[in-house]
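Visitor: need coordinates for the below:
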Amino acid sequence: MTFAWRTVGMNYLQYSSIAARALRRTAKPELQAEIAKRQGMQIKVAKWEAGKSGIPAQVSMIETRSVAEN
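Guide: Purely as a prediction, here's the structure:
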């Protein structure tokens, strides 16, 4: 048995993103502002060399969105 999202060629992250977006859109108006506060995300990337972490760098939202949409 395969999942419906897998049969249409989606991965789980794409599926869960669409499901979360649909849930946010159907929320009651009084909860919309509360949901909007939690909607953002922060991503930091650090390059590892010789077993040690480099300085973490913030990834901009534009880069994050373009990667998530592709």
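
Visitor: what ranges does the protein have for its helices?
Guide: Assigned by DSSP state H, the chain shows helices spanning 4-7, 12-25, 29-38, 61-69.

Visitor: care to break the chain down by domain?
Guide: When the chain is parsed into structural domains using automatic domain parsing, the resulting residue ranges are 1-39, 41-70.

Visitor: now those as CSV including mean pLDDT?
Guide: CSV is the format used below for those (pLDDT from 0 to 100):
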stretch, mean pLDDT
domain 1-39, 86
domain 41-70, 73
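
Visitor: look up phi and psi at the residue of the chain most remote from its centre.
Guide: The outermost residue of the chain, judged against the average C-alpha position, is residue 50 (29.9 Å), by C-alpha atoms, centre = their mean. Dihedral pair for residue 50: phi 50, psi 40, per degrees, to the nearest 10.

Visitor: now stretch 11-27: how far from the chain's centre is it?
Guide: Put simply, stretch 11-27 sits 10 Å off its chain's centre (C-alpha atoms, centre = their mean, to the nearest Å).
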